[in-house]
Structures are given as structure tokens and as C-alpha cells.
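S.K.: Got a predicted structure plus its sequence, pasted below:
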Amino acid sequence: MLLVDGDLALSSSGGTGSGTASRTGGNGTELVAALLESPGIRDAADRLKATPERRISAGQEGAPRHVYVFQREYATVDPARVELVGTDEATTCIGVVIHNNKTGMTSISHMDFPKIVEGGIKQMLELLGDDNAPFDVYLIGGFADASTKVVRSSGKKHIKQEGYSYPLCCKIVEVLHKSQQQFHLRSFCVLENNTQTDSFGNALPIIGGFVVETSSGVVIPATFDMDSRCPDEVIRRIRVSVSYYDPTWQGRLLETYDTQCDVFQIAPAYWMPDWADIASSLNQLSDSEVLLQCSTSPAAEPPYFVENERRIWKYLINNPDWEKHSQNTSPESSIGPVMEAGQGTHSAGQGLPLSLVRPHMEPEGKPPSALMRTVTY
């Protein structure tokens with residue numbers, strides 16, 4: 001169940017705070033409306049937005065060990081091993097943080113689609129331990145990208161919210177509220193609470209990334225340098241899209257980090273033979289066309305969005321055969337020397353923790369389920 005200041009998020013009267021509420025009585029739409037109207041929730045969001053943004057770089061000497069989470073990924077980390085865990089590049093996506101106050105275990109995800117929320121929350125909870133412990137929850141990202149549309153059917157008028165962030169946010173709070181686990185909502189910096197307007201009148205997110213200090217559970221706005229979004233940045237970006245076509249990952253978040261072994265586990269990406277042709281066609285688009293066709297929020301993307309897309313396409317063009325690529329690629333050739341967990345250094349510089357594990361090919365060149373876990377962006 002979702003709690004705000006110790007009370008159920010949705011009271012019987014429809015607001016937050018005091019009152020008796022049914023844990024299963026509120027749907028996502030009602031919950032979001034109530035939370036956005038809460039002065040305490042707005043104040044917490046304002047405090048987060050006022051916090052100076054932290055820049056994370058893996059190349060700095062003495063940089064803390066961290067785990068970076070891409071779109072549709074999640075990671076659960078132990079504070080004894082990992083100092084920081086975070087994500088960025090969120091526009092219409094929403095970051096979810098669940099922190100166990102007793103053990104310090106922290107799980108974060110970068111949610112991008114309502115259909116992965118229920119399964120994704122279950123994945124996040126698996127390694128947090130102690131179901132009776134108080135869990136703090138932070139929802140950060142997404143913005144007011146929805147437009148209100150009047151729909152008439154059967155002689156009745158219905159109000160429909162269109163956009164990406166709103167239905168995603170509704171699903172997240174609904175799943176949390178219907179859970180047996182108690183979740184104390186500490187920040188709801190989403191939708192209207194995370195929206196600004198540029199000089200052209202475009203709505204934009206205020207916070208698009210954050211990092212969690214695992215020792216304290218403190219959440220801070222953050223951006224990550226390119227060298228800290230690793231290992232295997234391009235492959236992980238590719239598998240986001242490819243995972244939509246892989247039944248193994250339907251309704252699930254992408255696994256990247258093994259909590260117990262303290263290593264990254266990233267499978268070689270599997271893609272269809274015609275992806276190289278598709279990538280070649282997309283690479284012919286102008287920068288403005290790339291934004292319009294490849295983003296859910298063209299006006300809100302960072303300056304390097306198009307460059308990232310072109311790097312992905314060039315990678316697919318240069319590596320049309322996923323099977324040959326996966327057999328010839330080694331961790332050493334793709335990201336430099338692999339360091340054992342606990343050493344805290346990497347060829348990219350201090351601060352990138354963990355070693356990298358890749359599964360081997362199965363007989364007859366058939367991709368195991370792990371190989372199907374691909375990345376797209």
C-alpha cells in the first residue's frame with residue numbers, strides 16, 4: 001500500500017492524508033489526482049528540484065563505485081558494495097526508487113511503459129529483503145506531456161488524457177497501492193510537479209536523472225557523463241528496442257546487474273537480419289526527422305539524442321550478423337580490461353565497479369534466452 005506521512009495515499013473522501021482508505025479502492029487516476037493536490041507532496045518535489053544537480057563521471061580519481069541503469073533496466077544494490085546507483089535521460093519515462101530502511105538495500109528502475117510496471121515492481125522487490133521493513137519510494141521523471149481530449153461514445157462524454165508519462169505514472173502508483181507491502185512515498189516529482197515551459201511554449205521535464213547515495217538513501221538530481229553510462233553502452237541501448245520483440249522479456253524489466261555476485265551480466269544483443277537495412281534507412285534522416293520519428297518527446301531530448309541514435313544505427317550497419325558479432329566480441333575488445341568485483345577500477349577510469357559476464361553460445365548457434373535480451377533505445 002502507498003502511504004503519505006503515515007496515512008494511506010487515498011482516503012475514502014478522495015484526498016491524501018487522514019481518513020480511512022481501502023488498499024484496493026483507488027485506481028491510478030484517482031491516486032495521481034490526489035497526490036498532485038497534496039501540499040506536502042508538492043513541497044517535497046520542490047525541495048528535490050531545488051537540490052543542486054550532481055554530475056557523475058567514471059574517469060575521476062577516487063570516484064565512488066556506481067551502477068548505471070538505462071531505459072527499461074533495473075538494478076538492486078547492496079550499500080556495502082556500491083556507493084551510488086542512478087539513471088538519467090528520462091523524459092516521458094519515470095524513475096522508481098525503492099529503499100529498505102533496515103538493510104540499506106536499494107532498487108531503482110527506469111520505467112518506460114505501463115505493461116512492464118507490475119512485473120517490474122516484483123523484480124525490484126525480490127532482493128530487497130525483509131518484507132516487514134519500512135520501504136521508502138521515490139518517483140522521479142516524466143512531465144505533463146498529456147493533452148486532454150473529449151471522447152464521445154454511446155451518447156456520453158468522456159475525458160481522456162493522452163500522452164506517455166500520465167498513463168505510466170497512473171500504473172505505477174496503482175501497483176504500489178495494491179501491494180501488501182507498505183511503501184512510504186517520499187517524493188512524487190512527476191507530471192505537473194516536474195514540468196517547466198521553454199520559450200516556445202513546449203513542456204519539458206525539470207529533472208531527468210537522479211542518483212541514490214546507498215549509505216543514506218538520499219536521492220539527488222544527477223546527470224551522467226558518457227563514460228559513466230557503461231559497460232556496453234551501445235548494446236544496452238540496442239536491446240531496449242529489441243526486447244519489445246522478445247517474448248522472454250514481455251512484462252519484465254531488463255536485468256543488467258547481479259546483486260549477489262556484484263557483477264554486470266549483459267548478454268550479447270540479438271537482432272533480426274533486416275535491422276541493418278532499417279538502421280541504414282533511418283540514418284539517412286535529417287536530425288529534425290530523427291527527433292520526430294524516434295522520440296516520444298522531441299522538444300525535451302538532450303542535445304546528444306540524435307548523435308546517440310546514429311551511433312546505434314552505425315553499430316547495427318557495421319554488425320549486421322548478431323551471431324558472428326557475439327562470437328567475436330569479448331569484454332576486453334568492447335570495453336577494455338575486465339576488473340574483478342571489489343577492485344573498483346576499470347579501463348574507463350575509477351568509479352566504474354564490477355566485472356562483466358557474457359553467456360556463451362548454445363550448440364548449433366541457437367540464441368539462448370539470455371542472448372535474446374537485447375537493447376534498443
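M.R.: Thanks, I have the structure now. Residues are numbered from 1 along each chain as shown.
S.K.: any idea which helix or strand comes after the helix or strand containing Lys122?
M.R.: Secondary structure from DSSP states H and E places Lys122 in helix 117-125. Following helix 117-125 in sequence order, the next helix or strand is strand 135-141 (DSSP H and E).
S.K.: Which elements pack onto that next one?
M.R.: Where contact means 3 or more C-beta pairs under 8 Å, 6 or more residues apart in numbering; DSSP states H and E, strand 135-141 is packed against strand 94-100, helix 165-178, strand 183-189, strand 210-213. (Each C-beta comes from the backbone N, C-alpha and C, glycine too.)
S.K.: who does the helix holding Lys122 touch, helix- and strand-wise?
M.R.: So helix 117-125, by 3+ C-beta pairs under 8 Å, 6+ apart, packs with strand 73-77, strand 94-100, strand 106-111, helix 165-178.
S.K.: one step back: nearest to Asp246, of the helices and strands packed on strand 135-141?
M.R.: Taking C-beta to C-beta, helix 165-178 is the member of these nearest to Asp246, at 20.7 Å.
S.K.: okay, and the helix or strand of the chain with the least pLDDT?
M.R.: Lowest by mean pLDDT, DSSP states H and E among the helices and strands of the chain is helix 331-335, with a mean of 32.
S.K.: one step back: which one of the helices and strands packed on helix 117-125 lies nearest to Lys314?
M.R.: Taking C-beta to C-beta, strand 73-77 is the member of the helices and strands packed on helix 117-125 nearest to Lys314, at 22.5 Å.
S.K.: Each with direction, which strands does that closest one pair with?
M.R.: Applying DSSP bridges, strand 73-77 is found paired with strand 106-111 (antiparallel), strand 254-255 (parallel).
S.K.: what about stretch 175-189, average pLDDT?
M.R.: Averaging pLDDT along stretch 175-189 yields 96.
S.K.: export it as PDB, just CAs?
M.R.: Provided in PDB are the C-alpha atoms of stretch 175-189 (Å, rounded to 0.1, in the frame of the first residue of the first chain):
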ATOM      1  CA  VAL A 175       0.500  -1.200  -8.500                       C
ATOM      2  CA  LEU A 176       2.300   0.200  -5.400                       C
ATOM      3  CA  HIS A 177      -1.000   0.900  -3.700                       C
ATOM      4  CA  LYS A 178      -2.500  -2.500  -4.300                       C
ATOM      5  CA  SER A 179       0.600  -4.300  -2.900                       C
ATOM      6  CA  GLN A 180       0.700  -6.000   0.500                       C
ATOM      7  CA  GLN A 181       4.000  -4.200   1.100                       C
ATOM      8  CA  GLN A 182       3.900  -0.800   2.800                       C
ATOM      9  CA  PHE A 183       5.600   1.900   0.700                       C
ATOM     10  CA  HIS A 184       6.200   5.300   2.200                       C
ATOM     11  CA  LEU A 185       6.100   7.900  -0.600                       C
ATOM     12  CA  ARG A 186       9.000  10.300  -0.100                       C
ATOM     13  CA  SER A 187       9.000  12.100  -3.400                       C
ATOM     14  CA  PHE A 188       6.400  12.400  -6.300                       C
ATOM     15  CA  CYS A 189       8.400  14.600  -8.600                       C
END
